[in-house]
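Below are the sequence and a predicted model for it; my questions follow.
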Amino acid sequence: MAPAAPRLPSAPGVQILGPVTPEQASVLSPAAQSFVAALHRCFNAHRLALLARRDARQGEIDAGRLPDFLPETAAVRAEPSWRGAAPAPGLVDRRVEITGPVDRKMVINAMNRFGVQDSNAPTWSNNLDGQVNIRDALLGTISFTAPNGKSYRLKPKGELATLIVRPRGWHMEEKHFLVDGQPCSASLFDFGLFFFNSARASIAAGQGPYFYLPKMESHLEARLWNNAFNLAQDMLAIPRGTIRATVLIETILAAFEMDLPPPLKTSPRTFIKKLRNHPDKVLPARGDVTMTSPFMDAYVRLLIKTCHKRGVHAMGGMAAQIPIKGDPAANDAALAKVRADKLREVQAGHDGTWVAHPELVKVALAVFNEHMPQPNQLFVARDDVAVGAADLLSTRGLAAGFTEADLRLNCNIALAYMESWLRGVGCVPIHNLMEDAATAEISRSQLWQWVRHGAATRDGRAVTAAWAVQILDDETDKFRSELGDEKFRASKFDLARRLLAGTIQGKEYSDFLTTLCYDHILTITAPPSRM
Ligand SMILES: CC(=O)SCCNC(=O)CCNC(=O)[C@H](O)C(C)(C)COP(=O)(O)OP(=O)(O)OC[C@H]1O[C@@H](n2cnc3c(N)ncnc32)[C@H](O)[C@@H]1OP(=O)(O)O
Ligand SMILES: O=CC(=O)O
Ligand SMILES: [Mg+2]
């Protein structure tokens with residue numbers, strides 16, 4: 001059992017409210033706590049102001065002012081001469097990156113191939129263990145023996161992947177770590193702890209510190225990261241510019257603000273979210289909105305053109321398919337979809353891509369090696385691309401509508417994913433597809449949107465809140481029958497159903513599934529540590 005938190009000395013103004021094992025304490029030294037607290041004190045007010053700005057912007061969109069390219073940054077876009085920094089060591093050739101949670105086994109498996117870390121249900125212990133595991137990976141000391149006796153070790157240094165860390169987004173808080181009585185910004189907690197404990201090890205390993213920055217909605221939020229990076233580097237006397245970041249363009253508003261220096265990565269998740277109150281923006285079934293849908297294709301082309309104009313990598317995205325065990329035909333079909341997706345990316349001009357599973361590394365590599373013999377294709381200018389605001393917002397060319405089966409599927413996926421997340425597992429295979437917080441978010445947002453607008457199924461039945469909840473209950477009952485009463489009671493399905501029922505009825509919309517569920521994974525069991 002973990003020793004109670006009071007044993008852990010805490011920095012002035014810091015309270016640690018969760019249990020901390022001796023190993024976890026090694027990343028939570030008083031100096032590390034002070035470092036995180038300093039970042040939080042400097043930047044939290046600005047973070048909160050930017051979050052309030054998100055709400056204000058949502059109000060404007062609801063009132064009819066649709067997203068557009070900003071007049072106040074037109075000069076930045078028009079200025080032809082500026083470039084991003086040249087790629088740092090380990091980032092010149094990024095053809096295949098694997099993402100994954102930060103448990104010890106996954107970290108070793110990923111580092112032995114091509115590494116990017118992510119997809120973590122942010123329980124307190126997952127967060128701290130992740131910090132320990134990443135630090136040990138960079139130090140080269142990580143190893144693991146599974147309960148079945150299989151042992152995991154890192155390959156020799158020259159064969160290891162480049163590690164890129166993805167901190168949580170600006171909207172999240174770390175409620176187990178208080179600074180002056182307030183929950184710490186989760187972004188600054190994740191970034192600050194990693195930077196304090198592992199920046200020097202990253203530099204010594206000749207790779208990093210490198211980051212992926214998720215879910216930003218504006219250039220001002222990017223600037224906040226840059227300010228945090230500068231202060232963090234100054235505090236540790238590490239030269240500014242040592243940190244490199246790749247910005248995820250995964251909100252529709254960010255797609256309108258792409259002319260920024262760091263490399264960018266595609267991943268649009270928030271069309272439904274941001275345009276949710278517009279009846280003409282109701283999307284068809286999730287499976288029918290793909291990267292070849294016209295608005296998605298428009299944003300991918302614009303991203304590649306924008307990046308290459310500035311000399312920075314344009315990374316592709318994640319194919320949702322994962323290997324299917326025990327069914328060779330289904331497995332072949334899944335791999336063929338991944339192959340087709342990667343071919344589309346490399347031919348569009350992407351400089352690399354993401355995969356979710358080690359088996360897919362070779363699939364993606366084969367496609368990129370064949371079509372991208374050089375380390376990247378920054379030379380592909382895409383001058384042919386002329387994408388305007390209307391293209392990014394258009395629902396033209398989408399398959400029509402959805403069926404009751406799509407409603408059921410969305411309920412089923414959202415339930416199964418939330419149940420798992422509430423148990424601390426943030427990435428799960430569901431119906432042979434990789435589901436994470438972002439993909440499950442699409443399912444639950446679609447349910448909300450269909451109810452909100454009374455959208456009709458293809459056979460003409462309007463979706464009401466009562467019908468959606470009835471389907472949710474049916475799907476919950478199916479899980480109950482599958483598991484049996486005892487296992488069902490031990491699971492989190494009831495809680496997931498309750499949370500979901502509260503958020504799909506077309507009224508209050510919770511901006512993030514993860515913040516909706518976060519209070520239910522807290523482990524605030526220990527009294528506050530000494531101040
Ligand atoms: C939209 C976005 O944000 S994308 C980013 C978020 N998504 C991700 O990061 C996806 C990460 N992927 C995963 O978590 C997993 O691949 C899952 C959950 C989809 C499937 O996991 P599993 O069912 O355990 O896969 P499977 O049993 O086939 O794994 C085979 C081996 O590969 C390992 N493995 C699977 N995925 C990964 C990964 N992403 N990184 C490292 N190792 C991995 C497993 O640990 C297992 O190792 P072992 O044989 O030594 O025990
Ligand atoms: O963050 C990645 C995504 O695809 O979403
Ligand atoms: Mg994402």
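Perfect, thanks for sending it. Ligands and ions are numbered 1, 2, ... in the order given.

what residues are up against the residue nearest to residue 393 when sequence neighbours are not counted?
In this structure, residue 393 finds its nearest non-sequential neighbour in residue 66, 6.0 Å apart by C-beta to C-beta, 6 or more residues apart in numbering. (Glycine included, C-beta is placed from N, CA and C.) With contact taken as C-beta atoms under 8 Å, 6 or more residues apart in numbering, residue 66 is in contact with 275, 389, 393.

how does the chain divide up, domain by domain?
5-78+94-254+262-290, 403-520 (automatic domain parsing).

Between the ones you listed, which one is closest to residue 380.
domain 5-78+94-254+262-290 (14.4 Å; C-beta to C-beta).

quick one: that closest one to chain centroid distance?
In terms of C-alpha atoms, centre = their mean, to the nearest Å, the centre of domain 5-78+94-254+262-290 is set 9 Å apart from its chain centre.

what mean pLDDT would you report for it?
For domain 5-78+94-254+262-290, mean pLDDT is 93.

Around ligand 1, pick out the residues from the stretch 201-350 of the chain.
318, 322-323 (C-beta under 6 Å from any ligand atom).

gap between residue 307 and residue 265?
9 Å (C-beta to C-beta, to the nearest Å).

and stretch 90-108, anywhere near ligand 3?
No. Judged by C-beta under 5 Å from the ion, stretch 90-108 makes no contact with ligand 3; its nearest approach is 9.3 Å.

end to end, how far does that stretch reach?
One end of stretch 90-108 sits 18 Å from the other (C-alpha to C-alpha, to the nearest Å).

Strands along the stretch 401-531 of the chain, start to end?
With strands called from DSSP state E, counting those that start in this stretch, the stretch 401-531 of the chain shows them at 428-430, 433-435.

who's in contact with the residue nearest to the spatial centre of the chain?
Centroid-nearest residue in the chain: residue 214, 5.6 Å away (criterion: C-alpha atoms, centre = their mean). Neighbouring residues of residue 214 by C-beta under 8 Å, 6+ apart: 166-169, 248, 250.

ok, back up a step: keep only those of the contacts of residue 66 that are in helices.
389, 393 (DSSP state H).

Just the buried ones from the contacts of residue 66?
275, 393 (16 or more other C-beta atoms under 10 Å).

ok so, going back, which among the residues of the stretch 201-350 of the chain next to ligand 1 gets closest to ligand 3?
Nearest to ligand 3 among those is residue 318, at 8.2 Å by C-beta to the ion.

Could you find the closest non-adjacent residue to the closest one?
Using C-beta to C-beta, 6+ apart, the nearest residue to residue 318 is residue 354, at 4.5 Å.

wait, isn't the one you found in contact with residue 341?
No. Counting by C-beta atoms under 8 Å, residue 354 stays clear of residue 341, with 10.4 Å between them.

who's more crowded, these two?
residue 354 (25 against 22; other C-beta atoms under 10 Å).

Tell me which stretches of the stretch 251-400 of the chain form helices.
For the stretch 251-400 of the chain, the helices defined by DSSP state H, counting those that start in this stretch occupy 252-255, 271-274, 294-309, 328-348, 359-371, 389-393.

As TSV, those helices with distance to residue 209 would be great.
As requested, these are exported to TSV (distance: least, C-beta to C-beta, whole Å):
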stretch	distance to residue 209
helix 252-255	23
helix 271-274	31
helix 294-309	22
helix 328-348	27
helix 359-371	23
helix 389-393	32
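
Of these, which stretch is the most buried?
helix 252-255 (a mean of 24; mean count of other C-beta atoms under 10 Å).

what about it, near ligand 3?
No. Helix 252-255 is not in contact with ligand 3 by C-beta under 5 Å from the ion; minimum separation 11.3 Å.

Show me what that helix packs onto, helices and strands only.
strand 244-249, helix 271-274, helix 294-309, helix 389-393 (3 or more C-beta pairs under 8 Å, 6 or more residues apart in numbering; DSSP states H and E).

Relative to residue 452, which of the ones you listed is closest?
If we rank those by C-beta to C-beta, the stretch that ends up nearest is helix 271-274, at 10.4 Å.

other SSEs contacting the closest one?
By 3+ C-beta pairs under 8 Å, 6+ apart, helix 271-274 packs against helix 252-255, helix 437-452.

6 Å - rerun?
helix 437-452 (3 or more C-beta pairs under 6 Å, 6 or more residues apart in numbering; DSSP states H and E).

Between strand 244-249 and the helix it packs on, find me the angle.
20 degrees (axes from the mean of the first three to the mean of the last three C-alpha atoms, to 10 degrees).

With residue 358 as the reference, measure out to the residue nearest to residue 210 when sequence neighbours are not counted.
Excluding the flanking residues, the one nearest residue 210 by C-beta to C-beta, 6+ apart is residue 164, at 4.4 Å. Going from residue 164 to residue 358 by C-beta to C-beta gives 17 Å.

okay, the two: which has more neighbours?
Ranked by neighbour count (other C-beta under 10 Å), residue 164 and residue 358 place residue 164 first, with 23 against 16.

these two touch, right, the more buried one and residue 212?
Yes. With contact defined as C-beta atoms under 6 Å, residue 164 reaches residue 212; the gap is 5.5 Å.

Could you list the residues of the protein in contact with ligand 1?
98-101, 105-106, 109-110, 118-119, 318, 322-323, 356-358, 427-429, 434, 436, 438-439.

let's go with 5 Å and repeat that
99-100, 106, 109-110, 118-119, 318, 322, 356-358, 427, 429, 434, 436, 438 (C-beta under 5 Å from any ligand atom).
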